[in-house]
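Peer 1: Pasting the sequence and the predicted model now:
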Amino acid sequence: MITDLFPSMPAVGLIIQLIVMILIILAASELFTNALEHLGSALKISEGMTGSVFAAVGTALPETMVPLLALMAGTSNQEINEEVGVGAILGAPLMLSSLSVCLMAFSIAKKRGLAGRVTPERTGFLRDLHFFMFAFVVAATAMYIPHENHAVRAGLSMVLVLSYFVYVLLTLRASEQLVEDGHGTEADETMFLSKLGLPTNLFTISVQLALGLILLVLGAKGFINGVEGLSHILGVSALLLSLLIIPIATELPEKINSILWIRRGKDTLAFGNITGAMVFQGSLLPAIGIMLTPWQPRTEVVAGVVLTLLAAVWMRVHAGPKGLPVWALLLNGVLYASFLVITLS
């Protein structure tokens, strides 16, 4: 560990560790997005399918691992394991729908202007939002079902799992027509491994994807460890740590990938990466939380759920035929700031 180099200054070592992990995540995101564009192009699938399913699930691996590891192989303190699990599950969609969207808009605000528009493919974008809002309402409803009522909770979990599979099927079904309409995935840059003299084919694309994913997971894991170390120095509770700090680390891949794509004018890939991850994390992960944790409506949890849904509704309201205004997306950051005020006050 980097902190071993600075035994008398643990905070300095942790900060250096965070910087190193961010650099690793940046490099991994470049590898991953570059390979993913070539994969989508080779398979002749739409940008929506590439961003909302492939990229979303792939870059969601770090934040998916955190609650699973906490609930199944965490500490000896079951209460802490459950708090970390619940916080990580609910904190991720909050981070994506509010802060991530705001940062993505901020990255293009100067170039496009506050009155400028972002134009993801509309049918796929709306499908993502609709499925997410449905799933998250179901997950929120489950909080008010007594933990002893296993049958009802199991039924709601099954609804969430089935909703995600229906979502994937509909996205796949729409892909062929979208490609014909000019929304196919296109790779604008040479694949990185090909620059080393290797051919661009499904095998080399898969190798680069695997390298990118491995680095993403390792970078996110190292970042999480560093953030946890700092949180202990600051005296942050397990639930608050999970709701606020862990999602910042685990959502870095989505944020960076989407910023890279939107700055290159690939709005559909950029938004699909975020909204597709929201669907994945708003359906499958809460299904696990409902069954393996008390899943109760604590103040911080309810605040996070309400603000997450408000962020999704806000995007849906402004998703017009000509796209979404940059200024509206910047305001999603206000919702995240509101959550900070509620939880830290």
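Peer 2: Received, thanks. Just so it is clear, the model here is predicted, and its values are computed rather than measured.

Peer 1: L218 sits in which helix or strand?
Peer 2: helix 202-234 (DSSP states H and E).

Peer 1: same for that helix, what does it pack against?
Peer 2: Counting contacts by 3 or more C-beta pairs under 8 Å, 6 or more residues apart in numbering; DSSP states H and E, helix 202-234 is packed against helix 10-43, helix 56-59, helix 61-73, helix 246-250, helix 252-263. In short, each C-beta sits where N, CA and C put it, glycine included.

Peer 1: Now with 6 Å, please.
Peer 2: With contacts defined as 3 or more C-beta pairs under 6 Å, 6 or more residues apart in numbering; DSSP states H and E, helix 202-234 has these neighbours: helix 10-43, helix 61-73, helix 246-250.

Peer 1: which of those helices has the lowest average pLDDT?
Peer 2: Mean pLDDT is lowest for helix 61-73 among the helices and strands packed on helix 202-234, at a mean of 61.

Peer 1: circling back to that earlier point, distance from the helix holding L218 to the middle of the chain?
Peer 2: 14 Å (C-alpha atoms, centre = their mean, to the nearest Å).

Peer 1: in stretch 119-130, what's buried?
Peer 2: 120-121, 124-125, 127-129 (16 or more other C-beta atoms under 10 Å).

Peer 1: The residues you listed in helices, which ones?
Peer 2: In helices, defined here by DSSP state H, the members of these are 124-125, 127-129.

Peer 1: okay, and for the stretch 151-300 of the chain, where does confidence drop off?
Peer 2: 178-188, 220, 224, 227-228, 230-231, 234-246, 249-254 (pLDDT under 70).

Peer 1: Now with 80, please.
Peer 2: 175-189, 216-217, 219-255, 292-293 (pLDDT under 80).

Peer 1: all helices for the stretch 51-200 of the chain, in order.
Peer 2: Using DSSP state H, counting those that start in this stretch, the helices of the stretch 51-200 of the chain run over 56-59, 61-73, 78-94, 101-112, 122-142, 150-178.

Peer 1: Count the residues that sit near the nearest residue to I145 once chain neighbours are set aside.
Peer 2: Closest residue in space to I145, ignoring its immediate chain neighbours: V152 at 5.1 Å, by C-beta to C-beta, 6 or more residues apart in numbering. Counted with other C-beta atoms under 10 Å, residues neighbouring V152 total 14.

Peer 1: quick one: V152 from M158, how far?
Peer 2: Using C-beta to C-beta, to the nearest Å, V152 is found at 11 Å from M158.

Peer 1: same deal with L269?
Peer 2: 31 Å.

Peer 1: When these two are compared, which one has more neighbours?
Peer 2: The neighbour comparison of L269 against M158 (other C-beta under 10 Å) goes to L269, with 28 against 13.

Peer 1: Find the helix or strand that that one is a member of.
Peer 2: Residue-wise, L269 maps onto helix 267-292 under DSSP H and E.

Peer 1: residues of that helix that come out buried?
Peer 2: Buried residues in helix 267-292 (16+ other C-beta under 10 Å): 267-292.

Peer 1: gap between stretch 143-163 and the chain center?
Peer 2: 23 Å.

Peer 1: who's in contact with it?
Peer 2: 135, 138, 142, 283, 286-287, 290-291, 294-295, 297 (C-beta atoms under 6 Å, 6 or more residues apart in numbering).

Peer 1: could I get those residues as CSV with distance to L39?
Peer 2: Formatted as CSV, the contacts of stretch 143-163 follow (distance: C-beta to C-beta, whole Å):
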residue, distance to L39
A135, 26
V138, 32
A142, 35
S283, 24
P286, 29
A287, 28
I290, 33
M291, 33
P294, 40
W295, 36
P297, 41
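
Peer 1: Among the residues you listed, which one sits closest to A55?
Peer 2: For those, the closest approach to A55 (C-beta to C-beta) belongs to S283, at 16.9 Å.
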